[in-house]
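Enquirer: show me the folded form of this:
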Amino acid sequence: MKRRPVRFSLRPALLLLMICGLLLPLPGGSAQERGCEGALSALQGTYCALTTLTARFRHTLHAKTLGQEEVEEGTLYLAARGRMRWQYETPKGKLAVSDGARSWLYLSAENQVFVQKVSSGAEAPLALRLLSGEADLRKEFTCLESRQADGVSTLRLKPNAPIPDLQEVEVRIGAGGLLQRVAYTDGLGNEIILEFWDLATGGKLDASLFSFQPPRGVRVLEAGGD
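Expert: Okay, the predicted model is just below:
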């Protein structure tokens, strides 16, 4: 009598947990190496398995060459598959939306919206890759320093392969592997800091947050064209 082949399937959520489970830290190494490895594993594992997240954010640019400082603030809405909405309060009327495939940057003060395909892999901005769970920091960076205090890990990282305008990056990871801060200095000596607080995960977010229809009369500029 022939045996019938055994068929089985894994639910997407279970499969995702199994994949993210591969990010567990490896044993061995110095205390600093273990601290760095554990913090990076927690960060990537958290955002790999994330369904939704809301947070307050602040983006600060210290333009040392010009002696200027720019500060932008607002609320971030994040969902699986790279969907994001950066709702700015400062400057008022600025909005950045991504549905995971395309992104829109709307500047109401200039009556313009910039549209482009979402970059993937090493071409995408590091902060966005961290938030989407795509960046494998353990492979892409060497940990130069690891500090732990009050459940918060602060890591100083150096890229293993050249990244334009990035020599080192400091990453702060809080409880539950949630990203609190990313800071680096670009090729012109400008310091860029992205901070997050009031983080909440797992809530229900309306799908309309991750779509955008340019208002009538707004100038639409596609990447690579006019």
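Enquirer: does the nearest residue to Glu168 once chain neighbours are set aside lie in a helix or a strand, and which?
Expert: Distances taken as C-beta to C-beta, 6 or more residues apart in numbering place Lys158 nearest to Glu168, at 5.3 Å, with adjacent residues excluded. C-beta: built from backbone N, CA, C; applies to glycine. Assigned by DSSP states H and E, Lys158 belongs to strand 152-159.
Enquirer: need the pLDDT of the most centrally placed residue in the chain.
Expert: Centroid-nearest residue in the chain, with C-alpha atoms, centre = their mean: Leu131, separated by 2.4 Å. Listed pLDDT for Leu131 reads 89.
Enquirer: now name the helix or strand holding it.
Expert: helix 126-132.
Enquirer: for the helix or strand following that helix, packing partners?
Expert: Counting by DSSP H and E, the next helix or strand C-terminal to helix 126-132 is helix 137-140. Under the contact definition 3 or more C-beta pairs under 8 Å, 6 or more residues apart in numbering; DSSP states H and E, helix 137-140 sits against helix 31-48.
Enquirer: I'd like the average pLDDT over the helix it packs on.
Expert: pLDDT averaged over helix 31-48 gives 83.
Enquirer: hmm, back to that, what does the strand holding Lys158 contact?
Expert: 35-36, 38-40, 137, 140-148, 166-175, 180 (C-beta atoms under 8 Å, 6 or more residues apart in numbering).
Enquirer: try 6 Å
Expert: By C-beta atoms under 6 Å, 6 or more residues apart in numbering, the residues outside strand 152-159 that reach it are 36, 39, 141-147, 168-174.
Enquirer: okay, now the sheet partners of that strand, with direction.
Expert: Strand 152-159 sits in its sheet next to strand 141-149 (antiparallel), strand 169-173 (antiparallel), going by DSSP bridges.
Enquirer: gap between that strand and the chain center?
Expert: Between the centre of strand 152-159 and the centre of its chain there are 15 Å (C-alpha atoms, centre = their mean, to the nearest Å).
Enquirer: same deal with stretch 131-146?
Expert: On C-alpha atoms, centre = their mean, the centre of stretch 131-146 falls 12 Å from the chain's centre.
Enquirer: same thing with stretch 60-79?
Expert: 15 Å.
Enquirer: how about that stretch: buried residues?
Expert: Leu61, His62, Glu72, Gly74, Leu76, Tyr77, Leu78, Ala79 (16 or more other C-beta atoms under 10 Å).
Enquirer: rewinding a little: out of the strands paired with strand 152-159, which is closest to Ala124?
Expert: strand 169-173 (14.5 Å; C-beta to C-beta).
Enquirer: give me the angle between the closest one and helix 31-48.
Expert: Interaxial angle, strand 169-173 versus helix 31-48 (axes from the mean of the first three to the mean of the last three C-alpha atoms, to 10 degrees): 70 degrees.
Enquirer: contact partners of strand 169-173?
Expert: Ala39, Leu43, Ser153, Thr154, Leu155, Arg156, Leu157, Gln180, Arg181, Val182, Ala183, Tyr184.
Enquirer: run a quick neighbour tally on the third one.
Expert: Using other C-beta atoms under 10 Å, Ser153 has 22 other residues around it.
Enquirer: cool, and the fourth one?
Expert: When neighbours are counted by other C-beta under 10 Å, Thr154 registers 17.
Enquirer: who does it bridge with?
Expert: Applying DSSP bridges, one finds that Thr154 bridges with Arg147, Arg172.
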